[in-house]
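S.K.: coordinates only, sequence not included:
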């Protein structure tokens, strides 16, 4: 009898323990689910704060590159800049963080400090590289696809408003005549700004929508591209926009099967450094390529001028840069090519380090096998070959993708979609 009671007590105790464990496991599951939900909410809030911060920050450059700069208080752009950067930093503490590998995080921190010191402080480009470093850190963990889509829509609204103000005569719409070509500024301070703005908007929209873009979007962007070309007569971005639209449409119809290969991927990855070496070589020997120089609107001659003046240096330094034709005591002289500007102004060491970082970023993102990402990197390299906007986040916001170097492949692929 005693033995039976003892056995019964054991059974009862075992039953109670098992029930308690089951109850505990259910509670733990509920807590884990709630924790995941809170983390998702925090990440969503953080992404929105980051997007708003970048939008506000971009108004800073938008004002300075438009006729609004002559009409608004001179201190106003900096208010937008600092407010935007504050929100970018605020977004960091509200976002769920992935487990960041210590070695990669340390290396990227050292890399960005080097860029901020060499490319910023030594050359006088503090505002560009300080802001970019803050943006890269602030972007860690965001959903890039949604973010790029939000930025595209914001830029459409902002630049449409500016062009309408110019067409309605509310702000100046300056006209210039170059070789019988009539070119309108459309509210910007330079004729080509509108065309390059459209190019980056198209790249952002393609990254966001991929093969889900509606047919009317291709037609609308194509019509806008033609209209801007008629007004500004800016050839390079006009051709690139149509190239992107045609390939974007074709890829969306034929799918991505059998379009990826190792040689193609390597070509995309090393396109940027290859073009950088090419533009330097062509500029160095510009006299031998007069017809190509004419096609590139004298960019090779200007590059040769800077090589003669400054040569190649290891590290960054100040260079003369003036885009004004009528300023007293100043001569027009600038480097339109982002690649030439990088080599001459930031030095060989920084150029090598940046190319390694950009190639590594390109390699990891193109490993996704998404042809739209590949096309973005190709067009960015072509744009950087001839024009300066690759180094300006207000145009090329894709440069924040450098921050993806620290994520493992699984986390990276989740963030890209």
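M.R.: In hand now; what should we look at? Small disclaimer: the values here were computed from a predicted structure and weren't measured.
S.K.: okay, now residue 271: neighbour count?
M.R.: 19 (other CB atoms under 10 Å). (C-beta placed from N, C-alpha, C; glycine too.)
S.K.: Leaving out the residues flanking it, which one is nearest to it?
M.R.: residue 381 (4.6 Å; CB to CB, 6 or more residues apart in numbering).
S.K.: And the one you found, how far from residue 276?
M.R.: Applying CB to CB, to the nearest Å, the value for residue 381 to residue 276 is 9 Å.
S.K.: what's the answer for residue 340, then?
M.R.: For residue 340, the distance to residue 276 - CB to CB - is 8 Å.
S.K.: which of the two has more neighbours?
M.R.: residue 340 (26 against 23).
S.K.: if we can go back for a sec, quick one: classify the residue nearest to residue 271 as helix, strand or coil.
M.R.: Under DSSP: H, G, I helix; E, B strand; the rest coil, residue 381 falls in the helix class.
S.K.: Neighbours of it, how many?
M.R.: The number of residues near residue 381, taken as other CB under 10 Å, comes to 22.
S.K.: In contact with it, which residues?
M.R.: Shown in contact with residue 381 (CB atoms under 8 Å, 6 or more residues apart in numbering): 271, 272, 275.
S.K.: make it 10 Å
M.R.: 268, 270-276, 338-339, 358, 362, 390 (CB atoms under 10 Å, 6 or more residues apart in numbering).
S.K.: shared neighbours of residue 381 and residue 276, anything?
M.R.: Residues touching both residue 381 and residue 276 (CB under 10 Å, 6+ apart): 338, 339, 358.
S.K.: residues shared between the contacts of residue 340 and residue 276?
M.R.: Taking CB under 10 Å, 6+ apart as the contact rule, residue 340 and residue 276 both touch 384, 385.
S.K.: Using the record's assignment, carve this structure into domains.
M.R.: Annotated domains of the chain cover 1-96, 103-138+256-417, 149-252 [automatic domain parsing].
S.K.: out of the contacts of residue 381, which are buried?
M.R.: Among these, the ones that count as buried by 16 or more other CB atoms under 10 Å are 268, 271, 272, 273, 275, 276, 338, 339, 358, 362, 390.
S.K.: Low-confidence regions, the stretch 251-400 of the chain specifically.
M.R.: 256-260, 323-330 (pLDDT under 70).
S.K.: could you redo the last one with a cut-off of 50?
M.R.: 258 (pLDDT under 50).
S.K.: where do the strands sit along it?
M.R.: In the stretch 251-400 of the chain, no strands are defined using DSSP state E, counting those that start in this stretch.
S.K.: hang on, the earlier thing: include distance to residue 153 when you put the contacts of residue 381 into TSV, please.
M.R.: Shown next, in TSV, are the contacts of residue 381 (distance: CB to CB, whole Å):
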residue	distance to residue 153
268	27
270	33
271	29
272	28
273	33
274	34
275	31
276	32
338	26
339	30
358	27
362	26
390	22
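S.K.: Among the residues you listed, which lie within helices?
M.R.: Per DSSP state H, helices hold the following members of the contacts of residue 381: 268, 271, 272, 273, 274, 275, 276, 338, 339, 358, 362.
S.K.: could you check the distance from the fourth one over to residue 322?
M.R.: I take that to be residue 273. Taking CB to CB, one finds residue 273 at 29 Å from residue 322.
S.K.: what does the last one give?
M.R.: Per CB to CB, residue 362 is found 33 Å from residue 322.
S.K.: Contact partners for residue 193?
M.R.: Contacts of residue 193 by CB under 10 Å, 6+ apart are 62, 65-66, 159, 162, 185-187, 232, 234, 237, 389, 395.
S.K.: Help me confirm that residue 178 comes into contact with residue 297.
M.R.: Yes - counting by CB atoms under 10 Å, residue 178 touches residue 297, with 9.3 Å between them.
S.K.: So for those two, which sits in the more crowded spot?
M.R.: residue 297 (14 against 10).
S.K.: List the contacts of that one.
M.R.: Contacts of residue 297 by CB under 10 Å, 6+ apart are 178, 235, 236, 336, 386.
S.K.: Over to it: give its phi and psi.
M.R.: Main-chain dihedrals, residue 297, degrees, to the nearest 10: phi 60, psi 40.
S.K.: quick one: the helices in the stretch 201-350 of the chain?
M.R.: 215-232, 235-254, 262-269, 271-284, 290-295, 299-310, 338-341, 347-366 (DSSP state H, counting those that start in this stretch).
S.K.: most tightly surrounded among those helices?
M.R.: helix 338-341 (a mean of 24; mean count of other CB atoms under 10 Å).
S.K.: on that earlier part again, in the ones in helices among the contacts of residue 381, find the pair that's most separated.
M.R.: Pairwise distances among those were taken by CB to CB; the largest, 17.7 Å, belongs to 268 and 338.
S.K.: right, and residue 90 touches residue 134 too?
M.R.: No - at 11.2 Å, residue 90 does not count as touching residue 134 under the criterion of CB under 10 Å.
S.K.: Looking at those two now, which is surrounded by more residues?
M.R.: residue 134 (20 against 16).
S.K.: list the contacts for the more buried one?
M.R.: 53, 57, 84, 85, 86, 88, 89, 92, 112, 116.
S.K.: Distance of the fourth one relative to residue 335?
M.R.: The reference is to residue 85. 27 Å.
S.K.: likewise the last one?
M.R.: Applying CB to CB, the value for residue 116 to residue 335 is 21 Å.
S.K.: what's the answer for the second one, then?
M.R.: Counting by CB to CB, the gap from residue 57 to residue 335 is 25 Å.
S.K.: Which of the two has more residues huddled nearby?
M.R.: More neighbours surround residue 57 than the other of residue 57 and residue 335, with 24 against 21 (other CB under 10 Å).
S.K.: Quick check: closest non-adjacent residue to that one.
M.R.: residue 84 (2.7 Å).
S.K.: Since that was my last question, I'll sign off now.
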